[in-house]
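Novice: Sharing a model prediction with you, sequence too.
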Amino acid sequence: MSLDFDAVVIGAGFGGMYMLHRLRLKGFKVRVFETGKGVGGTWYWNRYPGARCDVESVQYSYQFSPELQQEWEWTERYATQPEILRYANHVADRFDLRRDIKFETRITRATFDEAAHAWTVETDKGDRVTARFVVTALGCLSSPNTPKIPGLADFKGPTYHTGNWPHEGVDFTAKTVGVIGTGSSAIQSIPMIAKQARHVTVFQRTANYTIPAHNGPLDPDYVREVKANYPAMRKRAKTMPAGIDLRVNMASAVETPEAERLREYQGRWDYGGLGFMASFSDLLLNDESNRTAAEFVRGKIREIVKDPELAARLSPRNIIGCKRLCVDTGYWATYNQPHVSLVDVGDTPIERITAGGLRANGKDYRFDCLVLATGFDAMTGALLRIDIRGRGGRSLQEKWTEGPKTYLGLTMAGFPNLFTITGPGSPSVLTNMLPSIEQHVEWIADCIEHVRSRGATLIEASRDAEEAWVGHVGEAAGATLRSSCSSWYVGANIPGKPRVFMPYIGGLPAYIERCEAVVKAGYEGFAIV
Ligand SMILES: Cc1cc2nc3c(=O)[nH]c(=O)nc-3n(C[C@H](O)[C@H](O)[C@H](O)COP(=O)(O)OP(=O)(O)OC[C@H]3O[C@@H](n4cnc5c(N)ncnc54)[C@H](O)[C@@H]3O)c2cc1C
């Protein structure tokens with residue numbers, strides 16, 4: 001059987017773009033399919049006001065190409081969505097990627113042919129192509145979650161989802177706006193929406209923790225230093241649990257005297273960003289330690305928000321780090337403005353959306369525009385929207401009824417020749433995603449090359465290897481406070497989704513070591529045919 005492609009890659013975000021480049025370098029014939037009209041993935045879709053990265057720009061960059069690193073100039077400590085999208089387009093131009101990407105085409109089905117050792121992939125545009133390998137680069141946060149609130153279709157004004165924002169932008173001037181959600185996208189966008197809107201009403205189910213970004217222009221001396229040391233930074237990223245240098249303080253919060261502990265938190269707060277969670281090494285291991293950090297942030301909310309009753313309602317009650325920590329610019333202070341109000345819908349959920357607003361707590365709230373900052377069906381959502389059929393016609397949906405099962409977050413038993421970039425069971429969303437993506441792409445490309453070099457046509461994870469890895473992922477999660485906490489990491493935001501801690505929490509270095517050991521042992525846990 002002659003195949004159309006060596007590999008089909010699904011998605012043209014940072015994962016799919018690098019996968020295409022890497023496989024091409026090895027001489028493979030590749031076709032990428034992408035739903036959007038352009039490259040960039042997350043940064044193509046999430047165009048809401050205030051969207052920006054929470055990992056510093058110089059580190060939220062590809063690290064595989066020294067030339068790319070030298071030529072690209074980031075302007076701010078945390079780049080905005082338009083700047084990151086420009087970067088993605090620059091990468092596509094530099095490596096001439098577009099000629100192998102079919103845009104505006106969604107993959108709807110992928111079926112494994114056991115006799116031919118190949119996949120047949122079908123699209124919503126009627127394409128039907130065959131390939132030896134399929135690599136999904138669908139993203140962990142790419143399937144927007146629209147909650148099933150009764151009456152959503154009754155709303156007469158415009159409704160916007162932060163994860164699928166209109167490309168022409170939205171002008172909220174003189175409008176009243178209702179925002180549902182207080183996750184990361186809400187925390188970034190509410191201060192910006194409030195700058196334009198006549199009134200903003202925020203509907204909050206769970207208060208969230210956020211740390212100031214202290215964003216600003218990049219100091220040219222700092223950029224020069226970073227550029228001079230990029231190769232070292234790449235190596236170092238892979239030795240850090242989160243894929244970035246958060247300057248982890250190895251001390252325990254509870255064993256540190258209070259004055260010193262508060263100094264550490266204050267220093268991290270003043271510096272800003274995700275490093276706050278690295279103030280002490282046991283914040284996610286010990287309830288008491290976690291409480292000291294959580295209480296520090298609650299104290300800050302009380303300082304910033306003038307109305308004590310409002311400050312109390314904005315103060316999170318769950319553990320800090322339950323969800324990915326947010327990084328903001330002026331979030332808490334936004335609530336001091338008279339035209340911004342907060343409605344709690346945690347204990348009494350929204351009853352229904354109405355033609356002119358919504359009804360909650362027995363009260364009607366009216367607004368012109370509705371913003372759904374309601375997040376994503378994380379990690380598995382985009383994969384399960386494709387009808388993927390492995391051996392015996394068995395679907396991925398059937399395989400994952402009790403939660404996702406993978407070997408290394410990269411492959412699945414029963415689904416030969418299929419690879420998942422940042423799949424469930426890999427560190428992915430718990431890290432700076434760029435080094436995680438690069439490590440996956442390089443591992444997958446090497447693996448495919450290895451199969452070819454053996455004159456083989458099939459590689460498949462064994463059930464035993466998969467079970468052992470799933471067990472290890474669960475054990476690692478169980479050792480932290482995160483596993484028992486209600487968040488999208490465990491699918492808690494999606495009704496009916498199995499409650500399983502999906503990413504691998506053991507850290508990037510341990511994960512990379514395991515992936516490399518598997519290769520050294522001759523692709524241990526795999527059958528190569
Ligand atoms: C608002 C926001 C901010 C973020 N900030 C950070 C940050 O600061 N640091 C960080 O490390 N990570 C961040 N992330 C995570 C971010 O998703 C990753 O950093 C990275 O962009 C993921 O790249 P990707 O290529 O894996 O996936 P994505 O960028 O999600 O790309 C996946 C692509 O697959 C396409 N696709 C999906 N299904 C199909 C299909 N069936 N057929 C065809 N195409 C399909 C989608 O259209 C999309 O373009 C953020 C995520 C969001 C949503």
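Specialist: Happy to help now that I have it.
Novice: quick one, what contacts the residue of the stretch 301-450 of the chain found nearest the ligand?
Specialist: Nearest to the ligand in the stretch 301-450 of the chain, going by C-beta to the nearest ligand atom, is Met433, at a distance of 3.3 Å. For glycine as for every other residue, the C-beta is placed from the backbone atoms N, C-alpha and C. Listed by C-beta atoms under 8 Å, 6 or more residues apart in numbering, the contact partners of Met433 are 14, 55, 60, 140, 243, 422.
Novice: The last one contacts Ser428, correct?
Specialist: To tie it back to what came earlier, the one meant is Thr422. Yes - between Thr422 and Ser428 a contact is recorded at 3.8 Å, counting by C-beta atoms under 8 Å.
Novice: Find residues that contact each of the two.
Specialist: 140, 409, 436.
Novice: and which of these is nearest Ser341?
Specialist: Ranked by distance to Ser341 (C-beta to C-beta), those are led by Cys140 at 32.7 Å.
Novice: give me the number of residues near the closest one?
Specialist: By the other C-beta atoms under 10 Å criterion, the neighbourhood of Cys140 contains 26 residues.
Novice: tell me the contacts of it?
Specialist: 376, 378-379, 422, 428-429, 433, 503.
Novice: how does it look with 10 Å?
Specialist: 15, 42, 376, 378-383, 421-424, 426, 428-429, 433, 436, 488, 502-503 (C-beta atoms under 10 Å, 6 or more residues apart in numbering).
Novice: tell me the mean pLDDT for stretch 112-119?
Specialist: When pLDDT is averaged along stretch 112-119, the result is 98.
Novice: go on, stretch 440-456?
Specialist: Here the average pLDDT along stretch 440-456 is 98.
Novice: In that stretch, which residues are buried?
Specialist: Using 16 or more other C-beta atoms under 10 Å as the test for burial, stretch 440-456 gives 440-441, 443-445, 447-448, 450-452.
Novice: Same question for stretch 200-214: list its buried residues.
Specialist: 200-213.
Novice: ditto for stretch 146-159
Specialist: 147, 149, 155, 157, 159.
Novice: Okay, and which of these map to strands?
Specialist: Residues from those lying in strands, with DSSP state E as the criterion: Thr159.
Novice: Quickly check the buried residues of stretch 146-159 for the two that are furthest apart.
Specialist: The widest separation within the buried residues of stretch 146-159 (C-beta to C-beta) is 17.7 Å, between Pro147 and Gly157.
Novice: List the residues that contact the closest residue to the ligand within the stretch 101-250 of the chain.
Specialist: In the stretch 101-250 of the chain, the residue found nearest to the ligand is Gly139; the distance is 2.0 Å by C-beta to the nearest ligand atom. Applying C-beta under 10 Å, 6+ apart, one finds that Gly139 lies in contact with 11, 13-16, 41-42, 45, 376, 378-379, 381-383, 421-422, 428-429, 433, 437.
Novice: Wait, Ala294 touches Phe276, no?
Specialist: No - using C-beta atoms under 10 Å, Ala294 makes no contact with Phe276, being 11.0 Å away.
Novice: Using neighbour counts, pick out the buried residues of the longest strand along the chain.
Specialist: Taking DSSP E as the criterion, the chain has its longest strand at strand 128-136. Residues 129-136 are the ones in strand 128-136 that count as buried (16+ other C-beta under 10 Å).
Novice: and what of stretch 421-434?
Specialist: In stretch 421-434, counting by 16+ other C-beta under 10 Å, buried: 421-434.
Novice: List the buried residues in the strand or helix carrying Glu295.
Specialist: For Glu295, the host element (DSSP states H and E) is helix 287-304. By 16+ other C-beta under 10 Å, the buried positions in helix 287-304 come out as 289-294, 296-298, 300-301, 304.
Novice: What count of nearby residues applies to the closest residue to Phe415 other than its chain neighbours?
Specialist: Of all residues not flanking Phe415 in the chain, Gly390 sits nearest, at 3.7 Å (C-beta to C-beta, 6 or more residues apart in numbering). Gly390: 23 surrounding residues under other C-beta under 10 Å.
Novice: Hmm, Gly390 is touching Leu418, no?
Specialist: Yes - counting by C-beta under 10 Å, Leu418 is a contact partner of Gly390 at 7.2 Å.
Novice: Just give me how far the lowest-mean-pLDDT helix or strand in the chain sits from the chain centre.
Specialist: In the chain, the helix or strand scored least confidently by mean pLDDT, DSSP states H and E is helix 230-237, which has a mean of 84. Distance of helix 230-237 from the chain centroid (C-alpha atoms, centre = their mean, to the nearest Å) equals 22 Å.
Novice: Buried residues of whatever helix or strand comes next after it, list them for me.
Specialist: On the C-terminal side of helix 230-237, the nearest following helix or strand under DSSP H and E is helix 258-271. Going by neighbour count (16+ other C-beta under 10 Å), the buried part of helix 258-271 is 261, 264-265, 268-269.
Novice: what would those residues look like in CSV with pLDDT and distance to Tyr331?
Specialist: Below are the buried residues of helix 258-271 laid out as CSV (pLDDT from 0 to 100; distance: C-beta to C-beta, whole Å):
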residue, pLDDT, distance to Tyr331
Arg261, 98, 24
Glu264, 98, 22
Tyr265, 98, 18
Arg268, 98, 17
Trp269, 98, 14
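Novice: Phe103: which of the residues you listed is nearest?
Specialist: Closest to Phe103 out of those is Arg268 (41.9 Å), distances taken as C-beta to C-beta.
Novice: Please list all residues in contact with that closest one.
Specialist: Neighbour list for Arg268: 211, 246-247, 249, 274-280, 293, 296 [criterion: C-beta under 10 Å, 6+ apart].
Novice: dump the residue contacts of the nearest residue to it once chain neighbours are set aside.
Specialist: Nearest residue to Arg268 in three dimensions, chain neighbours excluded: Phe276, at 4.5 Å (C-beta to C-beta, 6+ apart). Taking C-beta under 10 Å, 6+ apart, we find Phe276 in contact with 209-212, 246, 264-265, 267-269, 283, 293, 296-297, 320-321, 325, 327.
Novice: Please apply the same query to Phe376.
Specialist: 42, 46, 139-145, 161-163, 183, 185, 382, 488, 493-494.
Novice: Out of those, name the ones that lie in strands.
Specialist: Per DSSP E, those map to strands at His161.
Novice: where do the helices sit along the stretch 301-450 of the chain?
Specialist: 308-314, 331-334, 381-384, 396-399, 433-453 (DSSP state H, counting those that start in this stretch).
Novice: How about the residues of the protein by the ligand?
Specialist: Neighbours of the ligand within the chain, by C-beta under 6 Å from any ligand atom: 10-16, 33-36, 41-42, 44, 46, 51, 53-55, 60, 106-107, 137-142, 185, 382, 386, 421-422, 432-433, 437.
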